[in-house]
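> Show me the folded form of this:
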Amino acid sequence: MSSSSSSSSSSSSSSSSSSSSSSSSSLTTSSSSSSLLLLLLLLLLLLLVVVVVVVVVVVVVVVVVVVVVVVALSSSLLLLLVVVVVVVVLKLDWW
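Residues are numbered from 1 along each chain as shown. Prediction:
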């Protein structure tokens, strides 16, 4: 009778230890997967920031190029207009 009780107690202790080990393993897996998910989210956020910075830089460069081209064209057109006006005035004065 005593050995049966001891065997039952040992079996219960073994079952409790196995349950505790399984719970600990489950917590470790859960913690590992949550940290992996957090790392993945941080990498995605970093990628999003890099993409936004690249897009902003490209837009700024395009705007600067367009402004420089427009200013250059307008100044050359203005210079051409001044030359035409001077030539017309000189021709009229010559007549």
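> host element of residue 35?
Taking DSSP states H and E as the definition, one finds residue 35 inside helix 2-94.
> State the mean pLDDT of that helix.
Throughout helix 2-94, pLDDT has a mean value of 75.
> what comes up buried for stretch 80-95?
When neighbours are counted by 16 or more other C-beta atoms under 10 Å, no buried residue of stretch 80-95 is found. In this view, the C-beta of every residue, glycine as well, is placed from N, C-alpha and C.
> what do you get for stretch 44-53?
Residues of stretch 44-53 include none that count as buried (16+ other C-beta under 10 Å).
> Convert the C-alpha atoms of it to PDB, please.
Below are the C-alpha coordinates for stretch 44-53, written out as PDB (Å, rounded to 0.1, in the frame of the first residue of the first chain):
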ATOM      1  CA  LEU A  44       9.600  47.300 -41.800                       C
ATOM      2  CA  LEU A  45       9.400  50.700 -40.100                       C
ATOM      3  CA  LEU A  46      13.100  51.400 -41.000                       C
ATOM      4  CA  LEU A  47      12.400  50.400 -44.600                       C
ATOM      5  CA  LEU A  48       9.400  52.700 -44.700                       C
ATOM      6  CA  VAL A  49      11.500  55.600 -43.400                       C
ATOM      7  CA  VAL A  50      14.200  54.900 -46.000                       C
ATOM      8  CA  VAL A  51      11.700  54.800 -48.800                       C
ATOM      9  CA  VAL A  52      10.100  58.100 -47.600                       C
ATOM     10  CA  VAL A  53      13.500  59.800 -47.400                       C
END
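> Residue numbering should commence at 389 henceforth.
Understood, numbering begins at 389; the last thing we discussed is stretch 432-441.
> Identify all contacting residues around that stretch.
Residues lying outside stretch 432-441 but in contact with it, judged by C-beta atoms under 8 Å, 6 or more residues apart in numbering, are absent altogether.
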